[in-house]
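# Just a sequence and a predicted model for now, questions to come.
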Amino acid sequence: MQTARQLDSSGTLWELVERRADLTPHRPVLLQEDRTLSFGGLRDRAERVAAGLYELGVRAGSTVAWQLPTRIETVLFSLALARLGAVQSPVIPFYRSREVGFALRESKADYFAVPGEWRGFDHAAMAHRLTLELPRPLLVLQVYDDLPDGDPRLLPPPPTEGTSVRWIYWTSGTTSAPRGVLHTDRSLIAGGSCLAHALHLRPDDVGSMAFPYAHIGGPDYLVMLLLYGFPAVLFEQFAMPEALAEYRRHGVTVAGGSTAFYSMFLTEQRKDPATPVLPTLRLLAGGGAPKPPELYHAVVRELGCQLTHGYGMTEVPMITMGSPDDTAENLATTEGRPPEGMSIRITDPEGKPVPAGVDGEVRLRGEAVCQGYLGASSDAGTFDPDGYLITGDLGHLTASGHLVLTGRLKDVIIRKGENISAKEIEDLLHEHPSVADAAVIGLPDADRGERVCAVLELRGPSVTPAEVIAYLRESGLATHKLPEQVEVVDALPRNETLRKVLKYRLREMFGSGG
């Protein structure tokens with residue numbers, strides 16, 4: 001029998017689907033409410049959907065944008081496009097006219113699949129309205145619980161190489177227009193295999209997908225299921241504590257998504273500390289946002305499971321990942337190690353490599369790295385002369401090869417000429433018993449250049465700004481790094497995918513009066 005390591009040598013995503021279906025056709029792969037789809041069913045049904053799309057005119061190279069919720073049908077639709085060799089452009093379901101119209105125009109989409117009315121919003125009406133504004137015709141498909149269907153015998157052969165660009169993912173566009181990130185089947189398989197192998201998963205595991213399948217993490221997770229042959233529970237709408245019933249119903253052993261998801265599990269556990277909130281859970285895993293060390297220790301201590309955290313981005317879906325056999329120190333304070341084939345270079349501002357332990361800019365090269373951005377002009381400054389992706393993230397490598405992220409270039413606050421890391425202050429604030437979450441930003445200041453502002457989301461007794469400053473001082477934070485401004489909010493603003501904190505909104509809220 002082929003191993004997961006052999007399976008990830010598949011040239012295309014469809015080849016990986018076929019090879020897994022041949023190995024374990026009757027094992028479940030997708031679980032949603034009372035529905036179950038097997039690996040064999042995934043292949044067979046996706047091929048029928050591909051035939052239906054072929055009858056509608058979709059061909060290899062056709063560009064199909066889709067804005068669909070996390071459902072079994074969405075996975076089938078996406079795999080049907082992979083079977084045809086179409087170029088697909090997933091769009092997060094929560095995006096609206098500005099972002100969606102931009103994606104349709106820039107990708108030059110031939111087709112656009114939407115769910116009709118979903119969660120009180122009419123996606124079909126938006127789609128038809130946007131088609132009137134596009135410079136070229138586009139066919140709108142309504143896809144939710146009804147999929148195109150056809151005879152697979154009429155299909156041409158599937159694609160045989162996985163190095164052509166067949167995926168366009170969109171950056172969030174929270175501070176500027178979104179950018180289309182170009183991926184291949186091989187780059188997505190490389191990212192998913194990094195995740196799968198690092199987590200030491202087993203065929204008897206049950207995973208979960210609580211984030212949008214249209215996110216770059218969607219194919220990451222699907223590749224993991226195909227490599228190791230275990231199922232995952234899909235959540236069309238995720239909310240706590242309502243989701244716990246589905247976790248328990250299917251006996252989920254591996255859950256997560258990002259830092260915010262870890263905190264949600266902890267919140268539920270703290271309602272009844274003596275009773276495990278999810279008895280079958282053995283591992284929380286995720287990435288996409290910084291992880292305070294105290295959060296790791298709280299998860300292990302209170303949930304009684306392991307926590308592994310990784311580093312990824314739309315441009316490189318999986319860069320490093322913590323492993324369950326790492327030390328507690330490494331799991332708490334690092335983002336894990338890169339897999340074989342991922343090269344990480346830490347450089348000074350001129351692009352010269354720096355030694356282990358020295359902070360610098362993180363640059364990446366490997367099979368999981370994207371092919372660049374849609375539109376040749378968008379690639380300016382993206383890659384260095386040696387072919388490394390310039391991430392804008394700051395960090396260092398330890399002697400053991402683990403990556404420690406210390407912030408982003410735009411998260412470095414320059415106060416009176418001194419560089420201050422927002423993440424350093426945030427990590428200290430997360431250790432305060434009354435702080436549920438914290439974000440530190442730099443705000444324009446006439447005298448200092450920038451002033452340090454800490455924005456807090458509380459879970460315990462209220463604290464005054466003076467008490468926060470005193471706590472940070474007692475924790476050993478240097479005087480010049482202490483916040484000049486402390487704000488308390490009911491909830492930090494977050495995006496709808498991995499619930500990352502939107503710091504640009506905090507700058508808008510608190511940036512006046514400096």
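Thanks, I have the structure now.

# What spatial separation is found between Arg507 and Gly442?
8 Å (Cβ to Cβ, to the nearest Å). Backbone N, C-alpha and C define where each C-beta goes, glycine included.

# what about stretch 239-253, how long is it end to end?
18 Å (Cα to Cα, to the nearest Å).

# So for it, mean pLDDT?
The predicted model assigns stretch 239-253 a mean pLDDT of 96.

# in the stretch 251-400 of the chain, which spans are strands?
254-257, 283-286, 306-313, 316-321, 342-347, 360-366, 389-397 (DSSP state E, counting those that start in this stretch).

# More neighbours: Arg507 and Gly442, which one.
Gly442 (22 against 16; other Cβ atoms under 10 Å).

# Quick check: nearest residue in space to the more buried one, chain neighbours excluded?
Leaving aside its sequence neighbours, Gly442 sits nearest to Ile413 (Cβ to Cβ, 6 or more residues apart in numbering; 3.5 Å).

# where does the chain have low pLDDT?
Residue ranges of the chain with pLDDT under 70: 1-9, 172-177, 376-380, 417-418, 497-498, 513-514.

# quick revisit: okay, buried residues for the helix or strand that contains the residue nearest to Gly442 please.
Assessed by DSSP states H and E, Ile413 sits inside strand 412-415. By neighbour count on 16 or more other Cβ atoms under 10 Å, the buried set for strand 412-415 is 412-413, 415.

# who are the neighbours of the next helix or strand after it, in terms of helices and strands?
The first helix or strand that comes after strand 412-415 along the chain, using DSSP H and E, is strand 418-421. Judged by 3 or more Cβ pairs under 8 Å, 6 or more residues apart in numbering; DSSP states H and E, strand 418-421 is in contact with strand 412-415.

# Note down every partner strand of the strand it packs on and its orientation.
If you go by DSSP bridges, strand 412-415 pairs up with strand 418-421 (antiparallel).

# buried stuff in the strand it pairs with?
Going by 16+ other Cβ under 10 Å, strand 418-421 has these buried residues: 420-421.

# Strands of the stretch 401-514 of the chain, start to end?
With DSSP E, counting those that start in this stretch, the ranges of strands along the stretch 401-514 of the chain come out as 403-408, 412-415, 418-421, 435-445, 449-458, 485-489.

# among the ones you listed, which is nearest Ala103?
strand 403-408 (24.4 Å; Cβ to Cβ).

# Please work out which residues outside the closest one touch it.
With contacts defined as Cβ atoms under 8 Å, 6 or more residues apart in numbering, strand 403-408 is touched by 290, 311, 319-320, 333-338, 344, 359, 362, 392-398, 421-424.

# Restricted to buried residues, select these in ChimeraX.
Of the contacts of strand 403-408, the buried ones can be selected in ChimeraX as follows, counting by 16+ other Cβ under 10 Å:
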select :290,311,319,320,333,334,335,336,337,338,344,359,362,393,394,395,396,397,421,422,423
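
# phi, psi of Met126?
Main-chain dihedrals, Met126, degrees, to the nearest 10: phi -60, psi -40.

# which ones are touching it?
Residues in contact with Met126, defined by Cβ under 8 Å, 6+ apart, are 96-97, 100, 114.

# ok, back up a step: for the residue nearest to Gly442, list each beta-bridge partner.
Ile420.

# For it, give me its contacts.
Contact analysis of Ile413 by Cβ under 8 Å, 6+ apart lists 419-422, 440-442, 450, 452.

# That one and Asn419: what is the separation?
Distance, Ile413 to Asn419, using Cβ to Cβ: 8 Å.

# Count the residues that sit near Arg98.
11.

# gap between it and Leu104?
From Arg98 to Leu104 the distance is 11 Å (Cβ to Cβ).

# all helices for the stretch 1-150 of the chain, in order.
With DSSP state H, counting those that start in this stretch as the criterion, the stretch 1-150 of the chain has helices at 4-7, 13-23, 39-55, 72-84, 97-107, 123-131.

# Could you check the angle the third one makes with helix 72-84?
Looking back up the chat, that one is helix 39-55. 70 degrees (axes from the mean of the first three to the mean of the last three Cα atoms, to 10 degrees).

# Identify the residues contacting helix 39-55?
17-18, 20-21, 23-30, 37, 64, 75-77, 79-81, 83-84, 86, 147-152, 154-156, 226, 229.

# From these, keep the buried residues only.
Using 16+ other Cβ under 10 Å as the burial test, the contacts of helix 39-55 include 17-18, 20-21, 24, 27-30, 37, 64, 75-77, 79-81, 83-84, 86, 147-148, 150, 152, 155, 226, 229 as buried.

# Next up, phi/psi of Gly218, please.
Per degrees, to the nearest 10, the backbone of Gly218 is at phi -60, psi -60.

# Report the beta-bridge partners for Ser208.
Counting by DSSP bridges, Ser208 is bridged to Val233.

# Just to check, it is in contact with Gly251?
No. Using Cβ atoms under 8 Å, Ser208 is not in contact with Gly251; the gap is 10.7 Å.

# Same drill for the two, tell me which one is more crowded.
Ser208 (25 against 15).

# any idea how far Gly312 is from the closest residue to Ala438 other than its chain neighbours?
Nearest residue to Ala438, sequence neighbours excluded (Cβ to Cβ, 6+ apart): Leu429, at 3.8 Å. As judged by Cβ to Cβ, Leu429 and Gly312 stand 25 Å apart.

# Between those two, which has more neighbouring residues?
Taking neighbours as other Cβ under 10 Å, Leu429 and Gly312 compare with Leu429 leading, 26 against 23.

# Quick one: residues contacting the more buried one.
435, 438, 440, 454, 456, 468, 472.

# can you redo those as CSV with distance to Glu487?
Output for the contacts of Leu429, formatted as CSV (distance: Cβ to Cβ, whole Å):
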residue, distance to Glu487
Val435, 13
Ala438, 10
Val440, 11
Ala454, 7
Leu456, 7
Val468, 10
Leu472, 15
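
# May I see the buried residues of stretch 110-119?
Using 16+ other Cβ under 10 Å as the test for burial, stretch 110-119 gives 110-115, 118.

# Tell me the one of those residues nearest Pro219?
Ala113 (16.5 Å).

# Centroid-wise, who is the farthest residue in this protein?
The centre of the chain is farthest from one residue, Asp447, which by Cα atoms, centre = their mean lies 38.4 Å away.

# one step back: which pair in the contacts of Ile413 spans the largest distance?
Asn419 and Ile441 (14.7 Å).

# quick one on the thing from earlier: TSV please, covering the contacts of Leu429 and showing distance to Pro137 and neighbour count.
Below are the contacts of Leu429 laid out as TSV (distance: Cβ to Cβ, whole Å; neighbours: other Cβ atoms under 10 Å):
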residue	distance to Pro137	neighbour count
Val435	53	23
Ala438	49	24
Val440	48	26
Ala454	51	25
Leu456	51	23
Val468	57	21
Leu472	59	21
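
# Now do the phi/psi pair for Ala446.
Here Ala446 shows phi and psi, under degrees, to the nearest 10, equal to phi -60, psi -30.

# Number of residues surrounding it?
Using other Cβ under 10 Å, Ala446 has 7 other residues around it.

# what's the answer for Leu295, then?
21.

# check contacts around the closest residue to it other than its chain neighbours.
Distances taken as Cβ to Cβ, 6+ apart put Tyr262 closest to Leu295, at 5.8 Å, once the chain neighbours are dropped. Each residue near Tyr262 by Cβ under 8 Å, 6+ apart is listed here: 256, 284, 286, 291, 295, 299, 307.
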